[in-house]
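*Asks:* Sequence first, then the predicted structure, then my questions.
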Amino acid sequence: MTQITDTVLMIRPSRFGFNEQTAATNYFQKKEENLIPSQIQNKALNEFDNFADMLRSNGIHVIVAQDSYYPCKPDSIFPNNWFSTTPQNELYLYPMLSPNRRDERNPDIIKKIENELNIKYNIKNDLVEKFEAKGKYLEGTGSLVLDHKNKVAYAAISPRTHIDVLHSFCKLTGYEPVYFSAYDYKGQIYHTNVMMSIAVGLAIISFDTVDIDERESLRNKLTGSELHILELSAEQVNKCFAGNMLQLKNKKDERFMVMSQTAKESLTEKQLDTIEKKFENKIIASPLDTIEKIGGGSARCMLAEIFYTK
């Protein structure tokens, strides 16, 4: 399976805001006391539209779906948590911790993707049916950082990433599970993709956030998979969303590392050289300050990779 795609889905939010239901497990979320909800929504829309335009201007295929107004879904802007796709035209749905995030699983959005690409997905709902009612969750490619070439699923265990669901996902897909504990400055990191990203030949990761007893084995697994390691500091992750990156390509096979402007500004010259020169990526960095602060997610969280075969 190819590691990167040239097509993504983005959900344009209708009621973006601070999600009280997710705040207990996402320490990146912060309330904005100086703005009313309509102002927050407008700022988020401006950031969203500019980000989508930036991706399109670089030749990346962006499918934009408009979120419905009802029911209220303050995190709909982060669609990568409720589904993922494969080149075999399979679409996996995932069990979600917060009830208002479960409302994001919308068949109309799946139909929009299928219609735009003229394909049909085989929808896999096994994980939701088996685990969600039991209080066990796996929130898509937030919980999972996937090395498609080596078929390895990396996961930082948390209230949103349960080991039983991880093993079930791997049994369904043939991926090898590699799990560990990772922490931000307040507790467990809520999603693996906050501190880790896998690109072609490259693993971007903050070992500083990983449990000290698990660092060596995780490093050995990555290097054994022939991945060059670019290390991030805990501060770059905790304050700047530097781990929340996604590699994409366009129809010309040009590669891009996509991140927020805050993340890019946190990177050192050596880190930038590794991404841009050694691994031949153009960096796409978009300002996402409102979305990062209030939503507690960044660029990668906003992008659901669309893999498919016609």
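*Replies:* Received it, and whenever you're ready, just let me know what you need.
*Asks:* least trustworthy helix or strand in this protein by mean pLDDT?
*Replies:* Lowest by mean pLDDT, DSSP states H and E among the helices and strands of the chain is helix 234-240, with a mean of 96.
*Asks:* What lies in contact with that helix?
*Replies:* Under the criterion CB atoms under 8 Å, 6 or more residues apart in numbering, residues 184-185, 189, 194-195, 206, 208-209, 242-243, 262-263, 265-267 lie in contact with helix 234-240. For the C-beta atoms, the positions are set from N, CA and C on the backbone; glycine is no exception.
*Asks:* what are the ranges of the helices in the stretch 201-310 of the chain?
*Replies:* 215-224, 234-240, 261-266, 269-273, 289-290 (DSSP state H, counting those that start in this stretch).
*Asks:* Output these in JSON lines; the columns should cover mean neighbour count and distance to Asn34.
*Replies:* Listed next are the helices of the stretch 201-310 of the chain as JSON lines, based on neighbours: other CB atoms under 10 Å; distance: least, CB to CB, whole Å:
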{"stretch": "helix 215-224", "mean neighbour count": "15", "distance to Asn34": "40"}
{"stretch": "helix 234-240", "mean neighbour count": "20", "distance to Asn34": "20"}
{"stretch": "helix 261-266", "mean neighbour count": "19", "distance to Asn34": "19"}
{"stretch": "helix 269-273", "mean neighbour count": "12", "distance to Asn34": "33"}
{"stretch": "helix 289-290", "mean neighbour count": "17", "distance to Asn34": "12"}
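*Asks:* what would the ones you listed look like in TSV with distance to Ser98?
*Replies:* What follows is the helices of the stretch 201-310 of the chain, written out as TSV (distance: least, CB to CB, whole Å):
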stretch	distance to Ser98
helix 215-224	28
helix 234-240	22
helix 261-266	25
helix 269-273	33
helix 289-290	20
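*Asks:* among these, which is nearest Pro87?
*Replies:* If you check each of the helices of the stretch 201-310 of the chain against Pro87 by CB to CB, helix 215-224 wins as the nearest, at 23.4 Å.
*Asks:* For the closest one, which helices and strands make contact with it?
*Replies:* With contacts defined as 3 or more CB pairs under 8 Å, 6 or more residues apart in numbering; DSSP states H and E, helix 215-224 has these neighbours: strand 176-180, strand 202-205, strand 228-231.
*Asks:* buried stuff in the first one?
*Replies:* For strand 176-180, the buried set under the neighbour-count rule, 16 or more other CB atoms under 10 Å, comprises Pro177, Val178, Tyr179, Phe180.
*Asks:* partners of it, with directions?
*Replies:* Applying DSSP bridges to the sheet, strand 176-180 is found paired with strand 152-156 (parallel).
*Asks:* gap between the partner strand and the chain center?
*Replies:* From the chain centre to the centre of strand 152-156 is a distance of 13 Å (CA atoms, centre = their mean, to the nearest Å).
*Asks:* Now the element after it, going C-ward?
*Replies:* Downstream of strand 152-156, the first helix or strand assigned by DSSP states H and E is helix 163-173.
*Asks:* Excluding its own residues, what touches that following helix? List them.
*Replies:* Contacts for helix 163-173 (CB under 8 Å, 6+ apart): 86, 92, 95, 124, 126-127, 130-131, 136-138, 143-144, 151, 153, 155, 157, 175-177, 179.
*Asks:* Next: stretch 118-135.
*Replies:* Under CB under 8 Å, 6+ apart, the answer for stretch 118-135 is 85, 88-96, 102, 105, 110, 113-114, 137-138, 162, 164-165, 168-169, 172, 308-310.
*Asks:* Buried ones among these?
*Replies:* If we count by 16+ other CB under 10 Å, the contacts of stretch 118-135 have these buried: 85, 89-96, 102, 105, 110, 113, 137-138, 162, 165, 168-169, 308.
*Asks:* Which members of those occur in helices, if any?
*Replies:* Arg102, Ile110, Ile113, Val165, Ser168, Phe169 (DSSP state H).
*Asks:* what's the closest non-adjacent residue to Ala52?
*Replies:* In space, and not counting its chain neighbours, Ala52 is closest to Val62: 5.2 Å by CB to CB, 6 or more residues apart in numbering.
*Asks:* Tell me the secondary structure at that neighbour.
*Replies:* For Val62, the assignment made with DSSP: H, G, I helix; E, B strand; the rest coil gives strand.
*Asks:* Please report the distance of it from Gln188.
*Replies:* As judged by CB to CB, to the nearest Å, Val62 and Gln188 stand 32 Å apart.
*Asks:* Next: Val145.
*Replies:* Per CB to CB, Val145 is found 16 Å from Gln188.
*Asks:* quick one: which of the two has more around it?
*Replies:* With neighbours defined as other CB atoms under 10 Å, Val145 and Gln188 compare such that Val145 has more, 25 against 17.
*Asks:* For that one, list each beta-bridge partner.
*Replies:* Tyr154.
*Asks:* Val194 is in contact with that one, correct?
*Replies:* No. Val145 lies out of contact with Val194 (CB atoms under 8 Å); the separation is 9.9 Å.
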